[in-house]
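Student: return atomic coordinates for the entry below.
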Amino acid sequence: MGQCLCSKKGEDDSVQHVEFVGSNVHLITAQEVWEQKLSEANREGKTVLVNFSATWCGPCRMIAPFYRELSEKYPSLLFLLVDVDELPDFSSSWDIKATPTFFFLRDGQQLDKLVGASKPELQKKITAILDSVAESDK
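Tutor: Presented below is the predicted three-dimensional model:
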């Protein structure tokens, strides 16, 4: 499933999602959960930020705590996490070629995308999205 923007798969494959979820980050475990979260976001007028990730991917693990911090800092966004190994078909439908890949969605439409674990870029895109949403709400 895609490539990790890191070296090869780590020795410790037993790493669970513990370091990835928590705070306001919701793990998507099935298509139904995805649909439920998207309709919740649409109802509440929230922009969705989804992180396609893998537990064995170094950069994914590196950015996970930052992603959790962002989820606390920006409650107006809905932060989701998809493990590409747990939902391979779903991830393929999003054409995920590398992990991590972040998508910004509003009303089910893609607003933006970021491939790679760049904290400054992720922060910049969140700020830009929130600014554009604030403009459209005026």
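
Student: which parts of the longest helix along the chain are buried?
Tutor: When the chain is parsed with DSSP state H, its longest helix is helix 119-137. Applying a neighbour-count criterion of 16 or more other C-beta atoms under 10 Å, one finds 122, 125, 126, 129, 133 buried in helix 119-137. Glycine gets a C-beta too; all of them are placed from N, C-alpha and C.

Student: which of the residues you listed sit farthest apart?
Tutor: The distance between the two most remote of these (C-beta to C-beta) is 16.5 Å, for 122 and 133.

Student: helices of this structure, start to end?
Tutor: 31-44, 58-73, 88-93, 119-137.

Student: figure out which of those helices is closest to residue 82.
Tutor: Using C-beta to C-beta, these put helix 88-93 closest to residue 82, at 6.3 Å.

Student: now do that closest one: distance to the chain's middle.
Tutor: The chain centre lies 14 Å from the centre of helix 88-93; the measure is C-alpha atoms, centre = their mean, to the nearest Å.

Student: and the residue nearest the centre of this structure?
Tutor: The centre of the chain sits closest to residue 51, judged by C-alpha atoms, centre = their mean, with a distance of 1.6 Å.

Student: rewinding a little: and the longest helix of the chain, what does it pack against?
Tutor: strand 47-53, helix 58-73, strand 77-83, strand 101-106, strand 109-115 (3 or more C-beta pairs under 8 Å, 6 or more residues apart in numbering; DSSP states H and E).
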